[in-house]
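Participant: below is the sequence, then the predicted model.
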Amino acid sequence: MLKQRVITAVVLAVLAAVALFKSTELIWQWIVLLVGFIAAWEWAGLARLTKVWQKIAFALLVLLLSWISLLMLSVQGLVFLTVIESILLMSVVFRYQQSKALKGPRSAGFILMSGVLSIVVFTVALIHFRSSFSPQVILLSLLVIWAIDTGAYFSGKRFGKTKLAPYVSPGKTWEGVWGGVLLAFIVAWLSVQWVQVELSVSAWLFALVLAFIALFSVLGDLFESVLKRQAGVKDSSHLLPGHGGVLDRIDSLLIALPMMYLLWHFGSML
């Protein structure tokens, strides 16, 4: 199982790096839209849609809305939708935890609506991210998000005592989260030096904000955990051997990455 997981991770990392650094703008756009299409298919399953035509219809709807939003959605509109999404995710996770897993999003319509919002915001932000900034800046942002997950894992194993949200994800602890934030800050500061960006604020402050935004990746992960618990599944699909589905790989990016893009848009210039 570990060997399979490692092989899949290496293959995904190579494909992602090639797409990020070598693809044209048009190819990158369609790669991201394809990822959104697959994620929407899996999201339909979390809403308990079982028929193939239902999943295809929902995935095509998300694809169409992503395309329209890519053409028509302004940065201000993206800010508004990102705020709405963050409020929605926080309210669902908080309500589920406070009710001790008794009050979760059971309505298929609500789950599908949250999927449309989350995936459209993610795809639009990621496409604009690459067209507006260098691949190195996107990689920097991804490294900061992944750092919080890595730091949380190791600090949680070593120091974890206080459960973060035991009814949502029993393994996560507050000690792990803060350890992850610390590592994310270190990675953010080092990465800012590496890409040599010109910032409108100090590198220390910018790295601190990057680490804070990365904290929202935990929220994205917790939100998907709630949906999977409601659907009674361990993974969003079995598409990626040893890793579950596409949603299981991008859940931490759904809200954090759009926030990263908006931070770079408003807070820095290359």
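Facilitator: Done, it's in.
Participant: contacts, neighbours, all on C-alpha from now
Facilitator: Fine.
Participant: residues making contact with stretch 66-86?
Facilitator: 33, 114, 117-121, 123-125, 255, 258-259, 262 (C-alpha atoms under 8 Å, 6 or more residues apart in numbering).
Participant: residues in contact with stretch 101-116?
Facilitator: Residues outside stretch 101-116 that contact it (C-alpha under 8 Å, 6+ apart): 40, 43-44, 46-48, 62, 85, 88, 92, 95-96, 167-168, 226-227, 230.
Participant: from the residues you listed, which land in strands?
Facilitator: Among these, no member falls in strands (criterion: DSSP state E).
Participant: can you map out the strands along the chain?
Facilitator: 163-165, 169-173, 198-199, 268-269.
Participant: which one of these has the poorest average confidence?
Facilitator: Here the lowest mean pLDDT among the strands of the chain goes to strand 268-269, at a mean of 52.
Participant: switch the contacts of stretch 66-86 over to a markdown table; also include neighbour count, pLDDT and distance to residue 18.
Facilitator: Below are the contacts of stretch 66-86 laid out as a markdown table (neighbours: other C-alpha atoms under 10 Å; pLDDT from 0 to 100; distance: C-alpha to C-alpha, whole Å):
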| residue | neighbour count | pLDDT | distance to residue 18 |
| --- | --- | --- | --- |
| 33 | 24 | 96 | 17 |
| 114 | 16 | 96 | 31 |
| 117 | 19 | 97 | 28 |
| 118 | 27 | 96 | 25 |
| 119 | 27 | 97 | 22 |
| 120 | 28 | 97 | 23 |
| 121 | 26 | 97 | 23 |
| 123 | 28 | 97 | 18 |
| 124 | 24 | 97 | 20 |
| 125 | 24 | 96 | 19 |
| 255 | 28 | 93 | 24 |
| 258 | 24 | 95 | 21 |
| 259 | 24 | 95 | 24 |
| 262 | 18 | 93 | 24 |
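Participant: farthest pair in the residues you listed?
Facilitator: Farthest pair in the contacts of stretch 66-86 (C-alpha to C-alpha) is 114 and 262. Separation: 20.3 Å.
Participant: where are the low-confidence patches of the stretch 1-150 of the chain?
Facilitator: 1-3, 5-6 (pLDDT under 70).
Participant: which parts of it are helices?
Facilitator: Shown for the stretch 1-150 of the chain, the helices assigned by DSSP state H, counting those that start in this stretch span residues 2-22, 25-46, 52-72, 75-98, 108-132, 135-159.
Participant: can you list the buried residues in stretch 9-28?
Facilitator: When burial is assessed from 16 or more other C-alpha atoms under 10 Å, stretch 9-28 yields the following buried residues: 9, 19, 20, 28.
Participant: repeat that for stretch 38-53.
Facilitator: Using 16+ other C-alpha under 10 Å as the burial criterion, the residues of stretch 38-53 that qualify are 38, 39, 40, 41, 42, 43, 44, 45, 46, 47, 48, 49.
Participant: just those residues now: which is nearest residue 209?
Facilitator: Checking the buried residues of stretch 38-53 one by one against residue 209 (C-alpha to C-alpha), the nearest turns out to be residue 39, at 28.0 Å.
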